[in-house]
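Visitor: model the following, please.
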Amino acid sequence: MALRERAIVTYNSRTAEDFREEMRGKGFIVTEDLETIGQEHTWTLTATAPPPVPVVCHSRREIRGLLGEKEDLLETCNIVSVLDTGLPSPFIYSIYRKTDKYQDYRTGVHSNLLTLHAEDIHEDNLEAHKDTFGGERVDFAFFTPEQADRVCRWFVRQSSSNAHPFRTHCFAGISRSSAVALFLSRRLGFSDQEFHDYNEEQTGRYLSPNPHILKLLEERWKEQKY
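Guide: Numbering: from 1, shown residues only. Below you'll find the predicted structure:
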């Protein structure tokens, strides 16, 4: 992550409090040192990002459960949502419906949320998907290079602006979301084994990252030099 630590020295208590709130709101741990000399008060405040953890991937049902439990989920996490074409976002049904920000969450317009539409398909399972739909459906939404670029740019921006943990979700929390989560976990410095072990501990699921999505993300990251 690009933004790991930020510090400020101020003589004004109002400015110091603003800094505390801003950094805590972005997930940083704020420590401070107060020195008083005569009538002058000097605060030295340091905002440090907590140690990162591997990215957890969830199913659609799990993310809806988290939305019901945690009202500020999008204020405390960075989330990538990978949806089937035409499937509405789980955020539509969340507690955000009750807030004045509902329309923003419903349409996926939130800086901490990246919404993508792509089927769980790749070269090895395309024929099976055709069989599922009687061989008639041809408009499968493959994960595209443009979507891979969106993920890369979003990750760079988010990891440079806040210290919140990352989460991903798709329908089952096994293939599409785990491909994105593995890619992001690698960028955070974790090995593939650490990623799989952590997710098994958190969700109890065996993950099978979509090879097309993972390959495209890695290629675009290297080619574009994010």
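Visitor: outline the domain layout of the protein.
Guide: Domains of the chain are assigned by automatic domain parsing as 5-48, 56-224.
Visitor: and the last one, how far out from the chain middle?
Guide: Yep, that's domain 56-224 we're talking about. 8 Å (CA atoms, centre = their mean, to the nearest Å).
Visitor: first-to-last residue distance for that domain?
Guide: With CA to CA, to the nearest Å as the measure, the ends of domain 56-224 fall 26 Å from one another.
Visitor: tell me the mean pLDDT for that domain?
Guide: In this model, domain 56-224 has a mean pLDDT of 83.
Visitor: related to what we said a few turns ago, most tightly packed of the domains of the chain?
Guide: domain 56-224 (a mean of 17; mean count of other CB atoms under 10 Å). No exception for glycine: its C-beta is placed from N, CA and C like everyone else's.
Visitor: and the strands in the protein?
Guide: Taking DSSP state E as the test, the strands found in the chain are 5-10, 29-37, 40-48, 56-58, 78-83, 113-117, 166-169.
Visitor: and N210, which of those is closest to it?
Guide: In terms of CB to CB, the element of the strands of the chain nearest to N210 is strand 78-83, at 9.1 Å.
Visitor: and the angle for that closest one with strand 113-117?
Guide: Angle of strand 78-83 versus strand 113-117, following axes from the mean of the first three to the mean of the last three CA atoms, to 10 degrees, is 20 degrees.
Visitor: scan the protein for its longest helix.
Guide: Ranked by residue count under DSSP state H, the longest helix found in the chain is helix 145-161.
Visitor: other SSEs contacting that one?
Guide: Helix 145-161 sits against strand 78-83, strand 113-117, helix 176-187, helix 211-224, with contacts defined as 3 or more CB pairs under 8 Å, 6 or more residues apart in numbering; DSSP states H and E.
Visitor: mind putting the ones you listed into a markdown table with distance to S59?
Guide: As requested, the helices and strands packed on helix 145-161 are exported to a markdown table (distance: least, CB to CB, whole Å):
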| stretch | distance to S59 |
| --- | --- |
| strand 78-83 | 11 |
| strand 113-117 | 16 |
| helix 176-187 | 8 |
| helix 211-224 | 17 |
